[in-house]
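Undergrad: fold the following, please.
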Amino acid sequence: MDRQTQTPCGLCLGVIRWIMDYCGPRGKAHRCEWHQDIQHLQDSARSCPLCFSIWDLSLSEKYSMATSLLAGATLSSPPQLLLEVVNAKKTEGISWAVLHTTMNVKQLGLEYVCVDTIGISSQPARKDFEHPKFWRFGKANEQRTLSEDRIATLKEWLQNCESNHKICHPAAKQYPTRMLDVKVDEPLRIVARNQIQQNKHPIRYATLSHCWGHQVPIKTTTKTKSLFEESLSEDLLPRTFRDAVNITRSLGIRYLWIDSLCIIQDDQEDWQAEAVKMRDIYLGSTINIAASDALDNTQGVFLEDNDVMDSVTESSLDASDRAAIEGPGPRVFVYQQQDQQQGQLLSTMIRFQARTPRKLQGSAHLSTRGWVLQEELLSHRIVHCMKAEIHWQCRCLYKTQAGETFEDLELLSDDRNLKLAPSRRKERIWHEWIENYSTRDFTFPADRIAAMAGITSHYQQMTGYSPLLGLWRESFAGDLLWLRIGPAKESGMANIPSWTWLSCNAPIFFDYWTLSMQDLESKEDHVLLSTCNITWTGLAMASRVQSTSLVIRGPLKDLRFRIAPESGSNPPYFHLEGEELDSSSPMPWSCAGQFDDATVSRDGFDTYTCLLVRSRFQEKSKFHRDTFLILEPVSSSSHETPTSHPSFRRIGIGSIRGKESAFLLAEEKELELY
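TA: Coordinates of the predicted model:
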């Protein structure tokens, strides 16, 4: 079947027409008349190119996930479907929208939601009409090479931003210690900050975000430093570095900062000094070049030209064209139809992309790396260089080479921050950063502290707060409420206390059991921070932790419970000893929680010392929720210095919901946490 020139089904045509005709406020959701279940969608996908794209690129994976949970059983009825159009808009004559496709698997009691992007170009079918060239050729100008085309697009974006976006201008207070001088027609060389002649204009430099991979890139060491200061042959550079040099030169920028070349890699003192300067380095750069899809430095910033998708025409496709169109990237198809209102033949081109641009960028290989988060958060401008296209991100806009543009607030449209009460936003920003950070990978887990030095410094500048190993003195109680939500990996760090999320190398979430993110319930924190001391072997945040001491005060109570494996939830429910369970309820337990170490077996009822951290009460429901830390005593023989306080370490977190607080008879105590 030639899906590329086939007219969509009547239901999909209705969706397309609604998007093209919409002229209301952005963000509004519209439920469309569409296929009622998976069976109808699969039948339609045999002839409808949009149904086929939605099924093949998006829903089929979710359907496979659902059927795998049936353990060999079959679905009693086809999963129900619901299609909503969200955030429909027009940008430079192109209609764009986000499609929310919900699949309800009643047999499992689960819903799966796919969030995808559709672009629509519709014009009279005349000889002189043109659909977007990038959709057709993968380039804005088919005569250019891929690199030439992308650099030309990037130059246009950068010039527009520098001319029109004042808030995107970098705020360089201190330039990097060293940079790579990439002046055209001169040898590359490493130059020190004091060698750069400054005038009244700020120094413009680019930074490179890249994945080292298993192959160690060329690097500056104590032995090579003097050689590289004389000259550095481009032939020695891996492809990603050469691409970055070419891009920087093409943008008219003289200097480029690359970590492996601008930090002396075998000098611990220099490495630590530079690690704590990451905030200034990325805040001060003119643009950050992100090699988003490259697995290592040999693959380059851009793909080779033969990796571009073949041009899309209204003629029949040969086998190679179909392979390009029906691959994992965006699907593009075109059809002609008579416009009943204007009485003319229209040519309509559809571009369907699984997921949204921000989700695509967030799932790129580079965005899975721990060191890169601070580079993404701190840079004023980033070009995300991915296989299918490049994306531009600055403080004002996010835009794609395909032509979709988001304004700054739209970037956060699926973000919890917009729904937060103002009193919660400051705290939630940090929590959201760390939730993201905790999912990322490190070649060396011991780098997990140093790699967040930049965002720690930045948040400190934003708030005036005092950092405490990933927590903050001024929001300490809320910062204690981290929950492990996935399997843990090796910590890789010594002397990390149990109270910080850094002790648990796993995905985490903060304040999991909140009743509302909009301050609809009263909240009371019960933990007071008395003293906290952290000693480092070198520079704070860039060296190893030598020792810590933490004394807090709060309500303690012994609770006896076991994990309720029959709940099948993550995090699991806890069965409190003596609790009368309501067998008619699907979730009869009042307590839920998670132990920090999943490898420790905790079968059967046991008694745990619990520290109440935060209580909530919602007037409407009359329910209390107490969130507490699960503690374990620490023997006095393990103390480096004598202490007069009872000593514990954290082993988990839990939350109890009820008509009254579970900690009414708790004893207020001062304790030391290790």
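Undergrad: give me the mean pLDDT for the helix or strand hosting residue 116.
TA: Using DSSP states H and E, residue 116 sits within strand 110-124. The average pLDDT within strand 110-124 is 95.
Undergrad: and that strand, how far out from the chain's middle?
TA: Distance, stretch centre to chain centre, for strand 110-124: 21 Å (Cα atoms, centre = their mean, to the nearest Å).
Undergrad: one more: stretch 219-228?
TA: 35 Å.
Undergrad: over to stretch 450-461?
TA: Once both centres are worked out by Cα atoms, centre = their mean, stretch 450-461 turns out to sit 17 Å from its chain's centre.
Undergrad: check stretch 593-604 too.
TA: Counting by Cα atoms, centre = their mean, stretch 593-604 comes out at 28 Å from the chain centroid.
Undergrad: buried stuff in stretch 585-596?
TA: 589-596 (16 or more other Cβ atoms under 10 Å). Where C-beta positions appear, they are placed from N, C-alpha and C, glycine not excepted.
Undergrad: where is the longest helix in the chain?
TA: If you go by DSSP state H, the chain has its longest helix at helix 146-164.
Undergrad: which ones among the buried residues of stretch 585-596 lie within helices?
TA: Among the buried residues of stretch 585-596, DSSP H puts none in helices.
Undergrad: and those, which of them are in strands?
TA: 591-595 (DSSP state E).
Undergrad: C-terminal to the least confident helix or strand in the chain by mean pLDDT, what's the next element?
TA: Lowest by mean pLDDT, DSSP states H and E among the helices and strands of the chain is helix 319-325, with a mean of 35. As assigned by DSSP H and E, the chain's next helix or strand after helix 319-325 is strand 331-339.
Undergrad: elements contacting that following strand?
TA: In terms of contacts (3 or more Cβ pairs under 8 Å, 6 or more residues apart in numbering; DSSP states H and E), strand 331-339 is packed against helix 49-54, helix 319-325, strand 344-353.
Undergrad: buried set for it?
TA: Of the residues in strand 331-339, 331-335 count as buried by neighbour count, 16+ other Cβ under 10 Å.
Undergrad: what does stretch 71-80 give?
TA: Across stretch 71-80, burial judged by 16+ other Cβ under 10 Å covers 75, 78-79.
Undergrad: then stretch 160-171?
TA: For stretch 160-171, by 16+ other Cβ under 10 Å, it's 161-162, 168, 170.
Undergrad: between the buried residues of stretch 71-80, which is nearest residue 376?
TA: residue 79 (35.8 Å; Cβ to Cβ).
Undergrad: what separation is there between the closest one and residue 41?
TA: Distance of residue 79 to residue 41, given as Cβ to Cβ, to the nearest Å: 10 Å.
Undergrad: next, give phi and psi for residue 13.
TA: phi -60, psi -40 (degrees, to the nearest 10).
Undergrad: sorry, that was for residue 608
TA: Torsion angles, degrees, to the nearest 10, at residue 608: phi -130, psi 140.
Undergrad: can you count the residues close to it?
TA: Using other Cβ atoms under 10 Å, residue 608 is surrounded by 21 other residues.
Undergrad: the residue nearest to it when sequence neighbours are not counted is in what secondary structure piece?
TA: Using Cβ to Cβ, 6 or more residues apart in numbering and skipping the chain neighbours, the partner closest in space to residue 608 is residue 630 (5.0 Å). In the assignment (DSSP H and E), residue 630 maps to strand 623-633.
Undergrad: give me the angle between the helix or strand following that strand and strand 591-595.
TA: Reading on from strand 623-633 to the C-terminus, the next helix or strand found by DSSP H and E is strand 647-658. Computed by axes from the mean of the first three to the mean of the last three Cα atoms, to 10 degrees, the angle separating strand 647-658 from strand 591-595 equals 150 degrees.
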